[in-house]
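Chemist: Pasted the sequence and its predicted model underneath.
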Amino acid sequence: MAGWWTPDTKAKPEVDSIARFGFEADYFKEMKITALKPYSRVEWICMKGYPDWINTTLTFELEPHQKGCVLLFHHDGWANYTPEFASCSYDWAMFFRSLKFLCETGKGHPYPDYNK
(Lines give C-alpha, C1' and ligand atoms only; values in the text may rest on other atoms or scores of the structure.)
Protein backbone atom coordinates (compact mmCIF):
# COMPACT_ATOMS: atom_id res chain seq x y z
CA MET A 1 0.00 0.00 0.00
CA ALA A 2 2.85 2.37 0.82
CA GLY A 3 4.40 1.78 -2.59
CA TRP A 4 1.32 2.68 -4.63
CA TRP A 5 -1.38 4.39 -2.48
CA THR A 6 0.25 6.48 0.25
CA PRO A 7 3.68 6.25 1.88
CA ASP A 8 2.04 7.07 5.22
CA THR A 9 0.66 3.55 5.69
CA LYS A 10 0.37 1.78 9.03
CA ALA A 11 -1.19 -1.65 8.72
CA LYS A 12 -0.89 -5.20 10.01
CA PRO A 13 -2.04 -8.15 7.91
CA GLU A 14 -4.59 -9.27 10.52
CA VAL A 15 -8.37 -9.58 10.34
CA ASP A 16 -10.12 -7.07 12.65
CA SER A 17 -7.06 -4.82 12.80
CA ILE A 18 -7.30 -1.15 11.81
CA ALA A 19 -5.14 0.08 8.94
CA ARG A 20 -4.34 3.81 8.83
CA PHE A 21 -3.57 5.66 5.61
CA GLY A 22 -2.40 9.28 5.83
CA PHE A 23 -2.76 11.73 2.97
CA GLU A 24 -2.17 15.17 4.41
CA ALA A 25 -0.82 16.48 7.69
CA ASP A 26 -4.25 16.24 9.30
CA TYR A 27 -6.22 13.87 7.04
CA PHE A 28 -6.22 10.10 7.10
CA LYS A 29 -8.47 7.13 6.46
CA GLU A 30 -8.90 4.20 8.83
CA MET A 31 -10.01 0.84 7.48
CA LYS A 32 -11.03 -2.19 9.50
CA ILE A 33 -9.69 -5.33 7.82
CA THR A 34 -12.70 -7.66 7.62
CA ALA A 35 -11.32 -10.36 5.30
CA LEU A 36 -7.80 -11.36 4.44
CA LYS A 37 -7.10 -14.35 2.26
CA PRO A 38 -3.50 -14.23 0.97
CA TYR A 39 -3.12 -14.06 -2.81
CA SER A 40 -6.89 -13.98 -3.19
CA ARG A 41 -9.00 -11.42 -1.28
CA VAL A 42 -8.74 -8.42 1.02
CA GLU A 43 -11.79 -6.58 2.33
CA TRP A 44 -12.02 -3.43 4.42
CA ILE A 45 -14.76 -1.29 5.88
CA CYS A 46 -14.02 2.42 6.15
CA MET A 47 -14.19 3.62 9.75
CA LYS A 48 -12.74 7.14 9.34
CA GLY A 49 -12.26 9.38 6.34
CA TYR A 50 -14.43 11.63 4.23
CA PRO A 51 -18.05 11.36 5.45
CA ASP A 52 -19.18 9.74 2.18
CA TRP A 53 -16.60 6.96 2.70
CA ILE A 54 -17.71 5.96 6.21
CA ASN A 55 -19.16 2.42 6.24
CA THR A 56 -18.31 1.79 2.60
CA THR A 57 -16.67 -1.53 1.80
CA LEU A 58 -13.52 -1.89 -0.28
CA THR A 59 -12.75 -5.29 -1.77
CA PHE A 60 -9.61 -6.36 -3.62
CA GLU A 61 -9.83 -9.76 -5.32
CA LEU A 62 -7.06 -11.46 -7.27
CA GLU A 63 -7.84 -13.99 -9.97
CA PRO A 64 -5.14 -16.08 -11.66
CA HIS A 65 -4.32 -15.19 -15.24
CA GLN A 66 -1.82 -16.67 -17.69
CA LYS A 67 0.31 -13.51 -17.37
CA GLY A 68 0.01 -13.26 -13.57
CA CYS A 69 -3.29 -12.14 -12.10
CA VAL A 70 -6.24 -9.83 -12.54
CA LEU A 71 -7.27 -7.42 -9.79
CA LEU A 72 -11.01 -6.97 -9.30
CA PHE A 73 -11.78 -3.97 -7.11
CA HIS A 74 -15.09 -2.91 -5.59
CA HIS A 75 -15.81 0.17 -3.50
CA ASP A 76 -19.41 -0.48 -2.44
CA GLY A 77 -21.99 0.90 -0.07
CA TRP A 78 -22.12 4.54 -1.12
CA ALA A 79 -25.28 6.20 0.18
CA ASN A 80 -25.46 8.51 -2.85
CA TYR A 81 -23.64 9.22 -6.07
CA THR A 82 -22.10 12.50 -4.95
CA PRO A 83 -19.22 14.58 -6.32
CA GLU A 84 -17.02 12.70 -3.81
CA PHE A 85 -18.06 9.40 -5.44
CA ALA A 86 -17.02 10.73 -8.85
CA SER A 87 -13.73 12.08 -7.51
CA CYS A 88 -13.03 8.82 -5.71
CA SER A 89 -13.63 6.78 -8.87
CA TYR A 90 -11.13 8.92 -10.77
CA ASP A 91 -8.58 8.76 -7.93
CA TRP A 92 -8.82 4.96 -7.70
CA ALA A 93 -8.05 4.78 -11.43
CA MET A 94 -4.93 6.88 -10.87
CA PHE A 95 -3.84 4.81 -7.86
CA PHE A 96 -4.31 1.54 -9.74
CA ARG A 97 -2.14 3.00 -12.47
CA SER A 98 0.42 3.56 -9.72
CA LEU A 99 0.03 -0.09 -8.66
CA LYS A 100 0.60 -1.19 -12.25
CA PHE A 101 3.84 0.82 -12.37
CA LEU A 102 4.92 -0.67 -9.05
CA CYS A 103 4.34 -4.21 -10.30
CA GLU A 104 5.99 -3.64 -13.67
CA THR A 105 8.93 -1.42 -12.73
CA GLY A 106 9.31 -1.65 -8.95
CA LYS A 107 8.35 2.03 -8.56
CA GLY A 108 4.79 3.24 -8.05
CA HIS A 109 3.49 6.79 -7.86
CA PRO A 110 1.67 6.95 -4.52
CA TYR A 111 0.12 10.08 -3.03
CA PRO A 112 0.98 12.89 -3.60
CA ASP A 113 2.65 11.90 -6.90
CA TYR A 114 -0.07 9.58 -8.25
CA ASN A 115 -1.05 11.86 -11.14
CA LYS A 116 2.43 11.95 -12.70
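Modeler: Now that the structure is in, tell me what you want to look at.
Chemist: C-alpha from now on. contacts and neighbour counts both.
Modeler: Noted.
Chemist: could you point out where this protein is predicted with low confidence?
Modeler: Along the chain, the model assigns pLDDT under 70 to residues 116.
Chemist: need the helices for this protein, in chain order.
Modeler: For the chain, helices defined by DSSP state H occupy the ranges 83-105.
Chemist: where along it do the strands fall?
Modeler: 8-10, 18-24, 27-37, 41-48, 57-65, 68-76 (DSSP state E).
Chemist: tilt between the fifth one and strand 27-37?
Modeler: Okay, so that is strand 57-65. Angle of strand 57-65 versus strand 27-37, following axes from the mean of the first three to the mean of the last three C-alpha atoms, to 10 degrees, is 50 degrees.
Chemist: just the last one next, same as before
Modeler: Put simply, strand 68-76 runs at 120 degrees to strand 27-37, going by the same axes, to 10 degrees.
Chemist: tell me how far strand 68-76 is from the chain's mean position?
Modeler: Here strand 68-76 shows a centroid-to-chain-centroid distance of 10 Å under the convention C-alpha atoms, centre = their mean, to the nearest Å.
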